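> predicted model follows, preceded by the sequence.
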Amino acid sequence: MTKPAERSAARLAAVQALYQMDVSGKSVLDALAEFEAFWIGREVEGIEFKPSDVNFFRDIIRGVVDNQRPIDVKIDNALASGWPLRRVEAVLRAILRAGGYELIYRKDVPARVVISEYVDVTHGFYGEDEPGLVNAVLDNLAREVRPGELEKKAAGQAKR
């Protein structure tokens, strides 16, 4: 059984790999091979990259690449009008695409978990407004692609 920390590490590694693919033009296979061989579970330049759920990492990468167009359209709709995804900085774009993939295609992962995890990833790269932006965009997207899921949990908590 996969530990939550291994999934969290897989999400971070996926964001980093998606970013590298975006800025360098690396292929999916090159990015997967590089991260699995040299990053995941290793120490690089004094930074420890925690063990990851490699299958989950691969699923996010392949899922984003295979479904990038529909994911981008949904994220564009969730972003503030006049601010398309292509204008968003590359790391944020990778975070939003990975989170968007999970919300749209991985219904086995609760929406609240997806949003929280990618907000945490965002905190690793940014300190200002970006975590709030990621939270708002993924929350909007979750409400569109999983209608009622966030409300059900909130209603359940109110009854306690």
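Structure's in. What do you need? Numbering: from 1, shown residues only.
> from now on I want contacts and neighbour counts done on CA atoms only, so please keep to that.
Will do.
> in this structure, which helix or strand is least confident?
Lowest by mean pLDDT, DSSP states H and E among the helices and strands of the chain is strand 43-44, with a mean of 50.
> pLDDT averaged over the helix ranked longest in the chain, what's the number?
Assignment by DSSP state H gives helix 4-24 as the longest helix of the chain. Averaged across helix 4-24, pLDDT comes to 88.
> in the next helix or strand after that helix, what's buried?
Using DSSP states H and E, the helix or strand that follows helix 4-24 in sequence is helix 28-34. Buried residues in helix 28-34, counted by 16 or more other CA atoms under 10 Å: Val28, Ala31, Leu32.
> so what touches helix 28-34?
Ala17, Gln20, Met21, Arg58, Ile61, Arg62, Val65 (CA atoms under 8 Å, 6 or more residues apart in numbering).
> export these to a markdown table and tack on neighbour count?
As requested, these are arranged in a markdown table below (neighbours: other CA atoms under 10 Å):
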| residue | neighbour count |
| --- | --- |
| Ala17 | 22 |
| Gln20 | 17 |
| Met21 | 18 |
| Arg58 | 20 |
| Ile61 | 26 |
| Arg62 | 18 |
| Val65 | 18 |
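> and which of the residues you listed is nearest to Val114?
Set against Val114, the nearest of those by CA to CA is Ile61 (15.2 Å).
> state the distance from the closest one to Glu102.
Ile61 sits at a distance of 11 Å from Glu102 (criterion: CA to CA, to the nearest Å).
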